[in-house]
Each structure stands twice: as C-alpha cells, then as structure tokens.
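>>> Got a predicted structure here, sequence first:
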Amino acid sequence: MSELFTNIDWYDIWIATLDTLLMLGGSLLFTVLFGLPLGILLFLTGPRQMFQRNGLYAVLSLIVNALRSLPFIILLIVMIPVTKLITGTSLGVAGAIPPLVVGATPFFARLVETALREVDRGIIEATQSMGATTAQIITRALLPEARPGIIAAITVIAITLVSYTAMAGVVGGGGLGDLAIRYGYQRFQTDVMVVTVVLLLVLVQILQSIGDRLVVHYSRK
C-alpha cells in the first residue's frame, strides 16, 4: 500500500488542506457579508418591487453580470495589483481571498435575489399593512421566509469557492490546488494528484451534506 503513495508528504497535504479551509472560510464569510446586502438591494430595486429603481437596478445588474461573466482564472491575474494593495501580497492564503470574494459575491447576490423573489408577496403586503418599516420587512418577513433558499445559495457558493481555491493554486494561492499543480501536474506525481482530488471531493460532499440538512431543518419551521 505504501508503494502507491511514495511521493506523498502527509505533512504537506495537511498544511495544504488547512490553507484550503482557511481560504474557503475567509472568502465565504466576506462573500456572505457583501453579497447578502447586494442581493437584497437588487431585489428591492428590481421590477415591481417596493423600491423599484430601474436606473439603479440596471447599473447594479450590469456590474454583477460583468463580474459573473469574467473567468475566475483571468480575474485572479487582473486583481493582482489590487490584491497586493489590500493584503500586501498576491501569494498564499491572504493573496487568494480578495479575488475569491470578488469572484463569488456577484454570483451569491443573484442567488439571494432569486431566493427573495420566491417569497410570497402576500406576506410582504401583510407586513406592510401592519406599518412595518423597511428594515422590519427585510428582517422579519423577507429573510426568515427566504432562509432555506439563502442557505442553499450559501451551500452552492461554498462548493464554487472550493473549485476557485483550487484554481488559485495556478498563481501561487496555496492550498490543495497549488499542491496538485506543483507536484501532481508539473512533476508528474500522480499519487499526489489523486490524493488532492479525493480530498476536494470529500470536502464538497461534506459541504453539500451540511447544506442539505440545514435547508431541510429550516424548511420545516
């Protein structure tokens, strides 16, 4: 069995796994912090909504769609100067998080907007009729009713970020993707490639399982 993993340094695998988890956790946190308000704003200013603003909605949609259409590998390269300005480096975990956030936030915002559109308008109108403020409508009607959809959106984004962290290895972002490229691809160490791929698959399955359980749990409430 050990002959099948002659090139494996399990300490390197462990460090790369930790780097991947740090990139995933950090980028997911900021993606939700930035993407949730953006998704709510897209919903509120959209067609036939409470604060319909066609001009603002068109500008936001243009920016969101432009960022979503940009391939992530190109975004990584384009953002190197900005990343250096923010974090002081374009390498490692710190250097990978800014492009990860910029790449995932527009996608998450659209998913949030879609989840909010699924909320029954009768609930919103009933909340309005009771004299609720905009903040109360958002926090007591929209977000609670859309919670299963938003959790599902977070799950999708988390899995997307796993693939993005792997691509970040191309520009020295660290993590399992970097390990797979440097050893598995460039040095033709197939065993390293196999182990990193299996770990990424396991991580995706864990994230999907957690997300599914949370969606089912909050759908019953």
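That came through fine.

>>> Same question for the helix or strand hosting Val102: list its buried residues.
Element membership for Val102, per DSSP states H and E: helix 92-117. Neighbour-count burial for helix 92-117, with 16 or more other CB atoms under 10 Å as criterion, is recorded at 92-116. The way it works is simple: take the backbone N, C-alpha and C, and place the C-beta from them, glycine included.

>>> now that helix, how far from the chain's geometric center?
Chain-centre distance of helix 92-117: 5 Å, with CA atoms, centre = their mean, to the nearest Å.

>>> Following element in sequence after that helix, please.
The helix or strand immediately downstream of helix 92-117 is helix 121-129, counting by DSSP H and E.

>>> Which other helices and strands does that following helix contact?
For helix 121-129, the elements it packs on are helix 134-137, judged by 3 or more CB pairs under 8 Å, 6 or more residues apart in numbering; DSSP states H and E.

>>> looking only at pLDDT, what's the mean for the helix it packs on?
Mean pLDDT, helix 134-137: 85.

>>> hey, C-alpha coordinates of the lowest-mean-pLDDT helix or strand in the chain in PDB?
Within the chain, no helix or strand scores below helix 121-129, which has a mean of 81 by mean pLDDT, DSSP states H and E. Provided in PDB are the C-alpha atoms of helix 121-129 (Å, rounded to 0.1, in the frame of the first residue of the first chain):
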ATOM      1  CA  ARG A 121     -45.900  38.700  -1.900                       C
ATOM      2  CA  GLY A 122     -48.900  38.300   0.400                       C
ATOM      3  CA  ILE A 123     -46.500  38.000   3.400                       C
ATOM      4  CA  ILE A 124     -44.700  41.200   2.400                       C
ATOM      5  CA  GLU A 125     -48.000  43.100   1.800                       C
ATOM      6  CA  ALA A 126     -49.400  41.900   5.200                       C
ATOM      7  CA  THR A 127     -46.200  43.100   6.900                       C
ATOM      8  CA  GLN A 128     -46.500  46.500   5.200                       C
ATOM      9  CA  SER A 129     -50.200  46.800   6.200                       C
END
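
>>> in that helix, what counts as buried?
Ile124, Thr127.

>>> What of stretch 196-210?
Judged by neighbour count (16+ other CB under 10 Å), stretch 196-210 contains these buried residues: Thr196, Leu199, Leu200, Leu203, Leu207.

>>> Which of these sits closest to Ser163?
Nearest to Ser163 among the buried residues of stretch 196-210: Leu200, at 8.1 Å, using CB to CB.

>>> Which residues are in contact with Ile210?
Contact analysis of Ile210 by CB atoms under 8 Å, 6 or more residues apart in numbering lists Thr155.
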